[in-house]
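> Fold the following, please.
(2 chains)
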Amino acid sequence: MGPAVALQQALGDRAQVVATVYCGDNYANERSGAVDEILELVAGERPDVLVAGPAFAAGRYGLACGALCARAQAELGITVVSGMHPDNPGAELYRTRVYLASTRDSAAGMAEALKAMARLALKLRAGEQLGSPQEEGYIPTGRRVHLVAEQSAAERAVEMLVRKASGQPFRTEWAVPTYSRVDPAPPLKNVAQARIALISSGGVVPRGNPDRLESAYASKWLKYSIAGLDDLEPDRWESIHGGFDTTNVNNDPDRMAPLDALRVLERDGVLGELHDQFYTTVGNTSAIPTMRKFAREIAQELKKSRVDGVILTGS
Amino acid sequence: MAKELESAGLPVAYITTLDGLARSVGANRIIRGQAIVNVVGDPSLPLADERKLREELVRKALRALETPVEGPTILA
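Numbers count the residues shown, from 1 in each chain, chains lettered A, B, ... in the order given. The predicted model follows:
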């Protein structure tokens, strides 16, 4: 059924497609328990391998494939493979856990995607060591693998430079990451009538760090009331950030979280009102998805508190 | 964090000393801070001057919240 016909061709006689599960993208993403249902269907067939997708650039499809594969791998202990375009949001979320064949962005790339997924599935199932993402056609998982290069880094770099300078094709060994863009939020019409929240990723907490915020790899964000406070005094506040010398901030925590200046400007009517909760975390060796999650959670609270805009400080 | 908050509809003025990095990762409203170890301060200044400097940085940040931007922008 569907792409399974071509998948069977790509697998040849080394594997047999025993069943195909199909489901709408919205059903899989909106309905809580949809992945449980699919997982149950998969488990009922007792397969050795689950192949999901290819999702190409379809975001909801990619998220569903990733979620299902991650759970089938963890809960059923079977080999899983999916395929999608590297920009699919499912790739960012699941590429470290699930092997994802790197596909084109539309179903025009169906045949080659299924071939790559079949090849990965057979290799993984057989317990064979996979080569590099480029060699094998999967999206980089973020894992570091040691290997001995024949030439030193200096020789390779000079060779790359010569190739680049002479207009020949070359391939970087470490691509500079590209980051997604978000549309800017509309500007405030009048800050003098707005409620503004202060957030810092500079690790400012009450002295003694009573809630044990980590100085690196932060697992949480915290909030503290600043109602009635005009100043972050050094005997009551400190920074526990582990990524820079905190001496200057600890002598005056307003150097990281400028409460004193905000109060002056609030009193002068430059800003309408400072939100009475100060949000804090540590941005140090932090994974982007973790920080995004923190911000998402904080944004929800701020919206409930009818905050209009944010001042965020960080090193 | 700045991007996630902005995508939730909240304008964010991000004061950071690594303004170029902030721009390349896609923060939209960026104000350059004073130094990594004292983003909104300067211990080499007399206290009154340091407070003035901090106030000025925060004023810039507040103005940034009123500024329409098309994409990642370092606002002077």
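> Which of the helices or strands spans the residue nearest to residue A:149 when sequence neighbours are not counted?
In this structure, residue A:149 finds its nearest non-sequential neighbour in residue A:156, 6.9 Å apart by C-beta to C-beta, 6 or more residues apart in numbering or on different chains. For every residue, glycine as well, the C-beta is placed using N, CA and C. Using DSSP states H and E, residue A:156 sits within helix A:153-165.
> Averaged pLDDT, that helix. What do you get?
Averaging pLDDT along helix A:153-165 gives 96.
> ok, and what's touching that helix?
Residues from elsewhere that reach helix A:153-165 (C-beta atoms under 8 Å, 6 or more residues apart in numbering or on different chains): A:149, A:151, A:169, A:170, A:171, A:172, A:173.
> Tell me the one among the residues you listed nearest to residue B:66.
residue A:172 (40.7 Å; C-beta to C-beta).
> tally of neighbours for that closest one?
When counting by other C-beta atoms under 10 Å in any protein chain shown, one arrives at 8 neighbours for residue A:172.
> Check residue B:29 too.
Residue B:29: 30 neighbours (other C-beta under 10 Å).
> Give me the nearest residue to residue 19, chain neighbours excluded.
This is for chain A. residue A:45 (4.6 Å).
> that's the other chain; I wanted chain B
residue B:32 (4.3 Å).
> Is that neighbour bridged to anything, and to what?
Legend: beta-bridge partners of residue B:32 under DSSP bridges are residue B:16.
> what's near enough to touch whatever residue of chain B ends up closest to chain A?
When scored by C-beta to the nearest C-beta, chain B has residue B:41 as its residue closest to chain A, at 3.1 Å. For residue B:41, the contact set (C-beta under 8 Å, 6+ apart) comprises A:248, A:249, A:252, A:254, A:255, A:256, A:258, B:34, B:50, B:53, B:54.
> how does chain A divide up, domain by domain?
Here the domain parsing of chain A from automatic domain parsing is A:3-136, A:191-313.
> show me the contacts for residue A:59.
Residue A:59 is in contact with A:88, A:89, A:90, counting by C-beta under 8 Å, 6+ apart.
> what about the closest residue to residue A:315 other than its chain neighbours, neighbour count?
Spatially, and ignoring its direct neighbours in sequence, residue A:315 is nearest to residue B:36 (4.6 Å; C-beta to C-beta, 6+ apart). Using other C-beta under 10 Å, residue B:36 has 16 neighbouring residues.
> Residue B:21 too?
11.
> List the buried residues of the lowest-mean-pLDDT helix or strand in chain B.
Lowest on mean pLDDT, DSSP states H and E among the helices and strands of chain B sits helix B:19-25, with a mean of 84. Residues B:19, B:22, B:23, B:25 are the ones in helix B:19-25 that count as buried (16 or more other C-beta atoms under 10 Å in any protein chain shown).
> Show me how far it is from its chain's centre.
Distance, stretch centre to chain centre, for helix B:19-25: 11 Å (C-alpha atoms, centre = their mean, to the nearest Å).
> quick one, longest helix in chain B?
helix B:47-65 (DSSP state H).
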